[in-house]
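Engineer: Here you go, sequence then predicted model.
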Amino acid sequence: MADHTVKSISAEDEGTKSENNERRKEDVTSDPEFFSCLLQPSPPDSDPNYIGTRRLLLYRKAQAGILRRKDWRCNGKGYVSFRNYINRPRNWDSVQTPSYSSTPGHSGRWVPSPNPLSPYSEADNWSTSRDVRSSTQAFSHRTSFSSNASDIDYPRRKGEPAYSFVGMHFIFDQCKAMVTVIKFGHMSSDLLAYGASDGSLTVCTVSTPPSVLKQFTGHTKDVTDFDFSANNQYIASASIDKTVRVWDIPKGLCMRVIYGVSSQLCIRFNPVNNNFLSVGNANKEIMVFNFSTGRSINKSNFDSEVTAMDHDHTGQLIFCGDAQGCVYTVTMNSRTGALSRAHRHRSKAKHKSPVTTVQYRTFSLLARGPVLLTFSRDGSLSFFSVSLEVQGYLTLRCALKLTPRLHSIRASFCPLLSLEKGEYIVAGSEDANVYFYDLTRPRHTCVNKLQGHSYPVIGIAWNHGENFLASSDFGGSVIVWKREKTK
C-alpha cells in the first residue's frame, strides 16, 4: 500500500514538472527574438563566447511584445490601453509638467497630463490645466499645442475602430451644381438636406430605401447656409441673392421671404426659442428676425462679413466667424432677442482668411467641458474650450494647420461613441478625399480617409444616430457613408 502511495506521488510530481517544462518551452518558443537567435546558424569565424553571452542575455531579457501584450490582456486592460502605453513619450516618467498661463492665441508645447491615475489609462488626456481666477469669476485656462499636417499625409496606421466605414450607403447625384452645404435634421438619423450653388434646396431620407422627399427652388443664387427648426418641420435658408427663405417641408412650400441689402451668409434657429432666427450677412452684421412675422428684432455690427455661426445649447450665446479670421462671442437674450458682443479672438495669421466653419459642442473629453471648432479657408483648424461662466470666453486649446482651401470647405466634430481617447475632426479637401484628424496627436494627426468623390469635398455632416456620414462635392454628388458597427 505504501509503495502504491509513493508511486502515485512521484507520478504526480513528474506530471507537474512536465507541465512546467512545457510552459517554459512554450514561453521561450513564443518569444520571437529568442527563437530566431536559436535558429540562427553560427558563422565559422564567430566567437562562441559572444554567441553564448548573447543567447543568455536574450533568455534573461524582459518579455517580448507578444508576451507583454498577453500579460496586458490578462490584467484586464484592452489593446487600446496597451497601444497608448507603448506609444508613450520617452521621458514619460521624468517629465515635470510645468504650469503655463494660456491665453487665446497662445500655443504651448505638447505635454502629457498630470493625471493621478495610471499613465496607461485608456481615458487619460494629453493636456495640463491651471486655474486662473479673474476679479469676479473663475474660469479655467488650459495649455494648447499646435501641429502641422497635410491633406496628402497618408494615415500612419489603420483607421480608428470608431471611424471605420463599411462603404457607401447611397449616392444622391440629382444635383448638377456644387453642393455648398449639407446637414441632417435636428436630432434626426435619416432626414438629410443639402443646398447647391444653383439656388436649389433638396430634402431627402437616408433610411431604406433612400429617396428624395422634396426639392425647393426659389433662390436665384448660391445657397450659403440653412438650418432646421427644432421639430424639423421648417427649413430656413440663406443665399447670396440677399434673401432668407422659410420652407415648410411637409407642404413643400415657401412660407416667407425676407429681403436684405447684402448677401446672407449664415443662418441659425435659436435652440431655446425657435421664433428667433439669427442671420449673418455681408453687411458686417448679425440680424435677429421674428420667424412668425419676418420682422427684424435686433442686430449687432462687426468688423467684417459674418461668414459662419452657431448657437450654444442654452440659446444665450452666438459664436461667429468673419472674413478676417476673427471669432466672436455674442450674448443673446432668448426672450427679447437683444444682442451684445462679449469677446473676440483675433487670428494671428499674416494673411487673413474667412472662417468657413463654426461648430459648438456641449462636451469634450479633451477639454472636460463645452468646446468650439473653427475652420478657415487658409487651412487653419482651431479647437477652443468655452467658459460659459464668463460669457463664452474662448481659450485656444490646440490648432492644426492644413493645406489652404480654394473653396469654402467645411469641417465637423466627430461623435464621441466608442472613443477611449482623442478628439477627432472630419474635414473635406480639394483632393476629393474626406480626412479624419486626431487633435491630440502632435504628429501624424491624420488617422483615416475616405475615397469616392471625383471633385473637391465641400460639405460634411453626421446624423444624430452617428452611423451615417454625409459628404458633398463640387460636382453636385452627395455620398452617404455607413460607419462600421463598434462592439
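Structural biologist: Okay, I see it. Not measured: the values here are computed from a predicted model.

Engineer: Now do the same contact list for residue 236.
Structural biologist: Shown in contact with residue 236 (CB atoms under 8 Å, 6 or more residues apart in numbering): 226, 227, 229, 244, 245, 246, 247, 267, 269, 277, 291. (Glycine included, C-beta is placed from N, CA and C.)

Engineer: hmm, try it at 7 Å
Structural biologist: By CB atoms under 7 Å, 6 or more residues apart in numbering, the contact set of residue 236 is 226, 227, 244, 246, 267, 269, 277.

Engineer: wait, what's in contact with the fifth one?
Structural biologist: Shown here is residue 267, whose contacts under the criterion CB under 7 Å, 6+ apart are 225, 226, 227, 236, 238, 244, 277, 279.

Engineer: quick one: which of these is nearest residue 360?
Structural biologist: The nearest member of the contacts of residue 267 to residue 360, counting by CB to CB, is residue 227 at 13.3 Å.

Engineer: thought the closest one was touching residue 271?
Structural biologist: No - between residue 227 and residue 271 there is no contact, the gap being 10.1 Å when judged by CB atoms under 7 Å.

Engineer: okay, the two: which has more neighbours?
Structural biologist: residue 227 (23 against 18; other CB atoms under 10 Å).

Engineer: Report the separation between the more buried one and residue 398.
Structural biologist: When distance is defined by CB to CB, to the nearest Å, residue 227 is 28 Å away from residue 398.

Engineer: now residue 344
Structural biologist: Counting by CB to CB, the gap from residue 344 to residue 398 is 20 Å.

Engineer: Looking at those two, which is more packed in?
Structural biologist: residue 398 (28 against 15).

Engineer: Which strands border the strand or helix carrying the more buried one, and is each parallel or antiparallel?
Structural biologist: Element membership for residue 398 (DSSP states H and E) is strand 393-401. Applying DSSP bridges, strand 393-401 is found paired with strand 145-148 (parallel), strand 380-387 (antiparallel).

Engineer: downstream neighbour of the first one in the secondary structure list?
Structural biologist: The C-terminal neighbour of strand 145-148 among helices and strands, as given by DSSP H and E, is strand 165-172.

Engineer: any residues touching whatever helix or strand comes next after that next one, and which ones?
Structural biologist: Counting by DSSP H and E, the next helix or strand C-terminal to strand 165-172 is strand 179-184. Residues outside strand 179-184 that contact it (CB under 7 Å, 6+ apart): 191-197, 222-226, 228, 458-459, 461-464, 470, 472-473, 476, 478.

Engineer: related to what we said a few turns ago, kindly report which one of the strands paired with strand 393-401 carries the lowest mean pLDDT.
Structural biologist: Sorting the strands paired with strand 393-401 by mean pLDDT places strand 145-148 lowest, at a mean of 56.

Engineer: Got the confidence number for residue 378?
Structural biologist: 91.

Engineer: low-confidence ranges in the stretch 51-200 of the chain?
Structural biologist: Across the stretch 51-200 of the chain, the ranges flagged by pLDDT under 70 are 51, 54-162.

Engineer: thinking again about what came up before, now, the contacts of residue 236 that are in strands?
Structural biologist: When DSSP state E defines the strands, the subset of these inside them is 226, 227, 244, 246, 267, 269, 277.

Engineer: just to revisit the earlier point, restricted to buried residues, select the contacts of strand 179-184 in PyMOL.
Structural biologist: A single PyMOL command selects the buried members of those (16 or more other CB atoms under 10 Å):
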select buried, resi 191+192+193+194+195+196+197+222+223+224+225+226+228+458+459+461+462+463+470+472+473+476+478
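
Engineer: pLDDT averaged over the helix or strand harbouring residue 215 - what is it?
Structural biologist: Assessed by DSSP H and E, residue 215 sits inside strand 211-216. Confidence for strand 211-216, expressed as mean pLDDT, is 94.

Engineer: helices or strands next to it in the packing?
Structural biologist: With contacts defined as 3 or more CB pairs under 7 Å, 6 or more residues apart in numbering; DSSP states H and E, the packing partners of strand 211-216 are strand 201-205.

Engineer: Within its sheet, name the partner strands of the strand it packs on and how each one runs.
Structural biologist: Short version: by DSSP bridges, strand 201-205 pairs with strand 191-196 (antiparallel), strand 211-216 (antiparallel).

Engineer: Mind checking those for the one nearest to residue 326?
Structural biologist: Shortest distance between residue 326 and the strands paired with strand 201-205, using CB to CB, is found for strand 191-196: 25.4 Å.

Engineer: what residues does that closest one touch?
Structural biologist: Contact partners of strand 191-196, identified using CB under 7 Å, 6+ apart, comprise 175, 177-185, 201-206, 223, 226, 232, 235, 237, 459, 470, 472, 476, 478.

Engineer: Show the contacting residues for residue 316.
Structural biologist: Contacts of residue 316 by CB under 7 Å, 6+ apart are 331, 332, 334.

Engineer: Most neighbours among the residues you listed, please name it.
Structural biologist: Most neighbours among the contacts of residue 316, by other CB under 10 Å: residue 332, with 26 neighbours.

Engineer: Tell me who's in contact with that residue.
Structural biologist: Contacts of residue 332 by CB under 7 Å, 6+ apart are 315, 316, 317, 318, 339.

Engineer: so the residue nearest to the first one when sequence neighbours are not counted, which of the three states?
Structural biologist: The reference is to residue 315. Spatially, and ignoring its direct neighbours in sequence, residue 315 is nearest to residue 272 (3.2 Å; CB to CB, 6 or more residues apart in numbering). Under DSSP: H, G, I helix; E, B strand; the rest coil, residue 272 falls in the coil class.
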